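[1] model this:
(2 chains)
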Amino acid sequence: DSGVTQTPKHLITATGQRVTLRCSPRSGDLSVYWYQQSLDQGLQFLIQYYNGEERAKGNILERFSAQQFPDLHSELNLSSLELGDSALYFCASSLPPSEAHFGSGTRLTVV
Amino acid sequence: AQRVTQPEKLLSVFKGAPVELKCNYSYSGSPELFWYVQYSRQRLQLLLRHISRESIKGFTADLNKGETSFHLKKPFAQEEDSAMYYCALSGPGGNKLVFGAGTILRVKS
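    Prediction:
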């Protein structure tokens, strides 16, 4: 167990809908990273937060947004969902300069 | 630009054979390099980081700044090593941790 908790584990929703994925980092970790893993795209970096502030941005679509709350948990919001958004979404956390630890992921299926 | 390249999508070796998973990177500055392993699309687990210079499960990796490489090696592959291996890079302080495309290692008996 890495100590990083992601909920829900599975999510099935229809195109056009909006969903929220939640990540609770390891105790003491200040940085949270979000990734999308699909079969054809590998592990794509979406966004990173550090102590509530956006730290780095990757290939995150405008339909997607994220935030990190004062208690350091983070949420990834995906809206106007398309079939192509079906993927595993991973969250990781770290206390820099230590390495990142990953959650078990949320499997999103858009139908 | 910050980039990690893993040129092989699949590496298939026999049990007991040496393994080398290639990783090249592009980064202006002093990066931090990592290897993560993923079994059956489960949680990614840290295997190695270049700062620690340790050997985990018989794997080692050396950072070669001249060749901008961080290849993962193991002298004798075992069947339980079969997994997806990702090379990753971050800036100082863990900024923007990005991953290569991954290499599937398949160890045949």
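[2] What residues does B:His71 make contact with?
    B:Glu20, B:Leu21, B:Lys22, B:Cys23, B:Ala61, B:Asp62, B:Asn64 (Cβ atoms under 8 Å, 6 or more residues apart in numbering or on different chains). Where C-beta positions appear, they are placed from N, C-alpha and C, glycine not excepted.
[3] Just give me the neighbour total for A:Ile47.
    23 (other Cβ atoms under 10 Å in any protein chain shown).
[4] What lies in contact with the helix or strand harbouring it?
    Taking DSSP states H and E as the definition, A:Ile47 sits inside strand A:42-50. Contacting residues not belonging to strand A:42-50 are listed as A:30-38, A:54-60, A:64, A:66-68, A:74, A:76, A:90, A:96, B:44, B:86, B:95-102 [Cβ under 8 Å, 6+ apart].
[5] The same query, at a cut-off of 7 Å, please.
    The contact list for strand A:42-50, computed with Cβ atoms under 7 Å, 6 or more residues apart in numbering or on different chains, reads A:30-37, A:54-60, A:64, A:66, A:68, A:74, B:86, B:96-99, B:101-102.
[6] What of stretch B:39-47?
    A:2, A:88, A:90, A:99, A:102-105, B:34-38, B:56, B:59, B:83, B:86.
[7] In this structure B:Lys96 contacts A:Ala56, no?
    Yes: shown here, B:Lys96 and A:Ala56 form a contact pair, counting by Cβ atoms under 7 Å, at 3.7 Å.
[8] more crowded one of these two?
    Taking neighbours as other Cβ under 10 Å, B:Lys96 and A:Ala56 compare with A:Ala56 leading, 20 against 17.
[9] Brilliant, that's me finished.
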